[in-house]
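Engineer: structural data only, the sequence is not supplied:
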């Protein structure tokens, strides 16, 4: 079994910062892309940021320059440092990891349960 455990969400004022963490645990052989998606109330889930096993990153235009994604391969953990937060960043943030492990013989996508980030104006 593979589990993703997220932490770091909460309430913050506009202009503030938060750091999200997501740790993958269980039977893991290799980890590929790790990312953070977010879903605001009444909207579709969207990619916020992602990072490959080689360290290449992609960001949504709306978060470029404010969010930084990083990973610790030894800990199978991905982070999202969020600075200069805006009310429109309010959403449930979901960790997504593509990895080879668990009971499957091919890489699969796993999702965390989500952590709520609320930015007040």
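Structural biologist: In hand now; what should we look at? What you see is a predicted model, and the numbers here were worked out from it, not measured in a lab.

Engineer: the spatially most central residue of the chain pairs with what?
Structural biologist: For the chain, the residue nearest the mean C-alpha position is residue 36 (2.7 Å; Cα atoms, centre = their mean). Counting by DSSP bridges, residue 36 forms beta bridges with residue 49, residue 95.

Engineer: need the contact list for it.
Structural biologist: Neighbouring residues of residue 36 by Cβ atoms under 8 Å, 6 or more residues apart in numbering: 20, 22, 47-50, 69, 78, 80, 93-96. Yep, even glycine has a C-beta here, placed from its N, CA and C like the rest.

Engineer: and it, how far from residue 86?
Structural biologist: Separation of residue 36 from residue 86 (Cβ to Cβ, to the nearest Å) stands at 16 Å.

Engineer: and the strands in the chain, which stretches?
Structural biologist: For the chain, the strands defined by DSSP state E cover 2-7, 10-13, 18-26, 28-39, 46-51, 57-59, 67-72, 77-82, 91-101, 108-111, 115-120.

Engineer: re the thing from before, put together JSON lines for the contacts of residue 36, with pLDDT on each row.
Structural biologist: Shown next, in JSON lines, are those (pLDDT from 0 to 100):
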{"residue": "20", "pLDDT": "98"}
{"residue": "22", "pLDDT": "98"}
{"residue": "47", "pLDDT": "98"}
{"residue": "48", "pLDDT": "98"}
{"residue": "49", "pLDDT": "98"}
{"residue": "50", "pLDDT": "98"}
{"residue": "69", "pLDDT": "98"}
{"residue": "78", "pLDDT": "98"}
{"residue": "80", "pLDDT": "98"}
{"residue": "93", "pLDDT": "98"}
{"residue": "94", "pLDDT": "98"}
{"residue": "95", "pLDDT": "98"}
{"residue": "96", "pLDDT": "98"}
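
Engineer: between these, which sits nearest residue 121?
Structural biologist: residue 93 (19.0 Å; Cβ to Cβ).
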